[in-house]
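**Student:** model the following, please.
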Amino acid sequence: MQELIGRVGIPPSRVGLLAMSRRVRRRTSQSRDKEKVAVSPPYAEAPDHCEIPRPGGCCCGGGGAAGVDWTALPDDTVVQIFSRLNYRDRASLASTCGSWRRLGSSPSLWTSLDLRAHRCDPDIAAGLAGRCAHLRRLRFHGSSSASALIYLQARGLREIAGDCCREITDATLSVLAARHEALESLQIGPDPCMRITSDAVRHIAMCCTRLRRLRLSGIREVHGEAINALAKHCPQLAELAFLDCGLIDEGALEKVVSLRFLSVAGSRNLKWSTASLSWSNLPSLVAMDVSRTDVSASAVLKLLSTSKTLKVLCALNCAVFEEEWSYNSTACRKTKGKLLLAQFSNVFSGVASFFKGYGYVVREQSIFAEWRSLLNEDKNLSDIMSWLEWILSHSLLRVAESNPNGMDGFWLRQGAALLLSLVKSLQEDVQERAATGLAIFVVTDDENATVEPARAEAVMQNGGIPLLLELARSSQEGVQSEAAKAIANLSVNSKVAKAVADEGGIRILANLARSSNRVVAEEAAGGLWNLSVGEEHKAAIADAGGVKALVNLIFKWTSGVDGVLERAAGALANLAADDKCSVEIAMAGGVRALVTLARTCKVEGVQEQAARALANLAAHGDSNSNNAAVGQEEGALEALVQLTFSQNEGVRQEAAGALWNLSFDDRNREAIALAGGVEALVALAHACANASQGLQERAAGALWGLSVSEANSIAIGREGGVAPLIALARSDAEDVHETAAGALWNLAFNSGNALRIIEEGGVPALVHLCSSSGSKMARFMAALALAYMFDGRMDEVALVGSSLEGCWKSVNFDGARRMALKHIEAFVLTFSDPQVFSMAASSSAPAALAQVADAARIQEAGHLRCSAAEIARYIAMLRNPSSVLRACAAFALLQFTIPGGRHAAHHASLLQKAGAARVLRAAAAATTAPIEAKICARIVLRNLEHHQLEAST
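**Tutor:** Now for the predicted structure:
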């Protein structure tokens, strides 16, 4: 049976092009507690003397050119080094010696703690407690971590910020407030805290009397009793944000007379007539945010015109307000001296004008940067601008997440530039949200990884790529991860991807992929995944150490972290389409890593990418040994066979594709069958009638690859594989009916299968392909399948019959034979130009034959490899009584021996050994043979001479 290369019978280059994939991320608020890893315990016991390996294998303790004597560094220098590390790396470094352990415990290093990348349970929190006496600022992730924070015993905490706290309860928040009475700032969001009620707000007010800032998201109801408690117990409360809340007592807010900054962005069911009246009376209110609400134009005007202290009002993405405002031409005059920020206004220009009121002249586009240089000159202005940065970053992110229609103009005109300005903020959480906004606003369809080109290029044209890459180098892991996410999404655009590569972004991402912070590594792997789509970036990723970093991610995060595993496997799948990268993946241990994922991971996205990576690794059969290596890896073939039964179509498709490519190797082909591959793939072919074209193509392709073996071919027939292949041969998709035709061609070599094809109605399907397919390869293989079926070898089987009456079968067989021969003849004639053939018949000049060969050549047929048995069958067919079959056989041998074909020399050798030259000369000289048979036979003889001459030189 024929042995087929790459994706069986298809040029290997096609594998990489078809297998590229991208991934973008939009959602930012989904809780992923299950993907977090445990926090390291407190410092382990360390030796008294520091022994850090130096280049060349030496340790510290002495100077010299071989390395640095780390123990000689001044204490303050060591503390500075520690301050640039996350606390986990700090703990690891401190465990090297007693001196550094002491310095690592310095109070100045433990004033701030970011636990967002880690699962923090009570035991771990208790272990950290000894270093938290001076802790002032804490960030955490997830409701479970919130419950453990009390065990830190950090009673001096001033700021707590938590995200992804959907499940946080009144009890947890109340205890958190009670244990941290010195709190000045509490922020829980942006996820909705649906289980928090007004009772928790009241307890916060009663416990945290020094509170200056309170920001809560998604509370269902904020009753007057809770707001009254804030007014009574928190006299220094200057900033209050109830974001995306269901119900707020508008009137009660009037009693919080200390308020300077108020945000109700995204909140619903607000009575704006009451709100505008009450809030106008707040004696200290300087700025307000009503973005993403149904605020009316009249309410906005009332607030701006009647409040004596209000200077800034932000109303981004307020549909009712914007529509009403557009009809009120005199409204702008009533806001003179006030800053109104809306979708229709120029934010940069408005803020610059606002600065003029304070006596500062600044440039519009650089207004935020210039303000930062004036931080210490005017505290009131500084407070306003800090708040403005925060609410703008929050609102822009929320608008980007919801992706409302009609926002293109805003994003291109100023939205992208605003996000880039906010990325430079000195506030870490503003930086993070702005970077996340840049990652999200460019994505218009996350399911199909669709990035709006104009938006992505707007970021690039505004200098966003160098800025994001600089952020990715930050020592703050939260900023690193969000910058990497933005780079990843933007890199879906090929122009931006080139800019990222040109600016050194590939090496930066490869370095981040080595991070011990899972979130950072995950986003960096996503960036490498998208960049690896470009052929021009693959070598650069390998040169930067990206391949090793990605493989190590799979070994490092073995379970429970499907995001990082999917991205690492996806990037490796893209890289594996490149021959050199595929070798490097194998050398780095990638085969074992990917097989381990395919065997043990239960997450469908990871399974799909692992199978795709294995498929691409196995696609380089001629150029490296990866195909055999994948097959020999323990459990690889069994795992891929099992994945064909997945409920996920993408997993089934990639698993079938991997088995298709692996079937190129003789040992793999038989091992796949032993692992149940025949039964699994026949079942898959039966089940994919209504599936995607990709799955159909790969299911048929895998059966084509397995059917190269005579034993497998017979097994496929017995398992019922003929009927689904015939159904797939009727597909309108060329890729599908091409692979189905290839499989049926292989199956038809066996007489029992040939009869099954006739009984299942396969002749009309093959005839249709032979005459109508737009693929020359499909037409060619359909013709060869029909030739096998009716070259006489099946006659005895047909007379014996299998399940139907012999007389019916005989009549059916004769009719099918006539139909088949008619269309085989028509197929061969489509490559026959009567004038050119006539000239070739009357001339012995090589040029005439060359002209015929060039016109008749089917380029893809050069990738097919036939066995000695098949070549012998075509030689025998040259003697067949049917002139049509003689012409078909000569035409087939022409395709298999044309110089330049991948296996032409192999086929020429088989023909020489079989003594085909004598038969070919007879066919070329036969007076009764059709001219097509004669000319093709002469060309084959010429090809044999060419290959014989080449072999002798």
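
**Student:** okay, and for the stretch 201-350 of the chain, where does confidence drop off?
**Tutor:** 328-335 (pLDDT under 70).

**Student:** one more time with 80
**Tutor:** Along the stretch 201-350 of the chain, segments meeting pLDDT under 80 span 326-337.

**Student:** mind listing the helices for it?
**Tutor:** With helices called from DSSP state H, counting those that start in this stretch, the stretch 201-350 of the chain shows them at 224-233, 272-279, 297-306, 319-325, 347-356.

**Student:** next one: the stretch 51-200 of the chain
**Tutor:** 75-83, 87-94, 98-104, 122-128, 143-148, 170-179, 198-207.

**Student:** over to the stretch 701-850 of the chain?
**Tutor:** In the stretch 701-850 of the chain, the helices defined using DSSP H, counting those that start in this stretch lie at 710-718, 722-729, 734-748, 751-759, 762-772, 776-789, 795-800, 806-829, 834-842, 846-856.

**Student:** so how far is the third one off the chain centroid?
**Tutor:** So the one you mean is helix 734-748. 32 Å (Cα atoms, centre = their mean, to the nearest Å).

**Student:** so what does that helix touch, helix or strand wise?
**Tutor:** Packing partners of helix 734-748 (3 or more Cβ pairs under 8 Å, 6 or more residues apart in numbering; DSSP states H and E): helix 693-706, helix 710-718, helix 722-729, helix 751-759, helix 762-772, helix 776-789. The C-beta positions use only the backbone N, C-alpha and C, and glycine is treated the same way.

**Student:** in the last one, what's buried?
**Tutor:** So that's helix 776-789. Within helix 776-789, the residues that count as buried by 16 or more other Cβ atoms under 10 Å are 776-789.

**Student:** thinking again about what came up before, would you single out the least confident of the helices of the stretch 701-850 of the chain?
**Tutor:** Lowest mean pLDDT within those: helix 795-800, at a mean of 62.

**Student:** excluding covalently adjacent residues, which one is nearest to Phe344?
**Tutor:** Take Phe344 and drop its neighbours on the chain: the residue closest to it by Cβ to Cβ, 6 or more residues apart in numbering is Glu322, 6.1 Å away.

**Student:** now the one you found: how far from Cys314?
**Tutor:** Using Cβ to Cβ, to the nearest Å, Glu322 is found at 13 Å from Cys314.

**Student:** between these two, which contacts overlap?
**Tutor:** Common neighbours of Glu322 and Cys314 are listed as Ala342 (criterion: Cβ atoms under 8 Å, 6 or more residues apart in numbering).

**Student:** out of the helices of the stretch 701-850 of the chain, deepest packed?
**Tutor:** Comparing these by mean neighbour count (mean count of other Cβ atoms under 10 Å), helix 734-748 comes out on top with a mean of 29.

**Student:** surely Asp121 and Ser144 touch.
**Tutor:** Yes. Assessed by Cβ atoms under 8 Å, Asp121 is found in contact with Ser144 at 7.2 Å.

**Student:** more crowded one of the two?
**Tutor:** Ser144 (19 against 16; other Cβ atoms under 10 Å).

**Student:** so Glu447 sits in a helix?
**Tutor:** No. Counting by DSSP: H, G, I helix; E, B strand; the rest coil, one finds Glu447 to be coil, located in no helix.

**Student:** burial measure for it, as a count.
**Tutor:** By other Cβ under 10 Å, 8 other residues sit near Glu447.

**Student:** mind pulling up the pLDDT for it?
**Tutor:** pLDDT, Glu447: 75.

**Student:** likewise the one 10 residues further on?
**Tutor:** At Glu457 the predicted local confidence, pLDDT, stands at 95.

**Student:** what helix or strand is it located in?
**Tutor:** Counting by DSSP states H and E, the element that carries Glu457 is helix 453-461.

**Student:** show me how far the next helix or strand after that helix is from its chain's centre.
**Tutor:** Downstream of helix 453-461, the next assigned helix or strand under DSSP H and E is helix 464-472. Taking Cα atoms, centre = their mean, one finds helix 464-472 lying 21 Å from the centre of the chain it belongs to.

**Student:** the following helix or strand past helix 464-472 vs helix 464-472, what angle?
**Tutor:** Per DSSP H and E, helix 464-472 leads on to helix 477-490 as the next helix or strand towards the C-terminus. For helix 477-490 against helix 464-472, the angle by axes from the mean of the first three to the mean of the last three Cα atoms, to 10 degrees is 150 degrees.

**Student:** name the residues of helix 477-490 that are buried.
**Tutor:** Buried positions in helix 477-490, judged by neighbour count with 16+ other Cβ under 10 Å: 477-490.

**Student:** and what of stretch 645-654?
**Tutor:** Residues 646, 650-654 are the ones in stretch 645-654 that count as buried (16+ other Cβ under 10 Å).

**Student:** cool, stretch 904-922 as well?
**Tutor:** 904-911, 914, 916, 919-920.

**Student:** farthest pair within the residues you listed?
**Tutor:** The distance between the two most remote of these (Cβ to Cβ) is 19.8 Å, for Ala905 and Val919.

**Student:** if we can go back for a sec, can I get the helices and strands packed on helix 734-748 in CSV with distance to Val606?
**Tutor:** Formatted as CSV, the helices and strands packed on helix 734-748 follow (distance: least, Cβ to Cβ, whole Å):
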stretch, distance to Val606
helix 693-706, 19
helix 710-718, 30
helix 722-729, 29
helix 751-759, 38
helix 762-772, 38
helix 776-789, 34
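
**Student:** so which of these comes closest to Val641?
**Tutor:** In terms of Cβ to Cβ, the element of these nearest to Val641 is helix 693-706, at 10.1 Å.

**Student:** run through the neighbouring helices and strands of that closest one.
**Tutor:** Going by 3+ Cβ pairs under 8 Å, 6+ apart, helix 693-706 lies up against helix 649-662, helix 666-674, helix 677-687, helix 710-718, helix 722-729, helix 734-748.

**Student:** including distance to Ser276, could the ones you listed go into CSV?
**Tutor:** Compiled in CSV, the helices and strands packed on helix 693-706 are given as follows (distance: least, Cβ to Cβ, whole Å):
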stretch, distance to Ser276
helix 649-662, 52
helix 666-674, 72
helix 677-687, 62
helix 710-718, 76
helix 722-729, 67
helix 734-748, 63
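
**Student:** which among those is found nearest to Gln851?
**Tutor:** helix 734-748 (27.6 Å).
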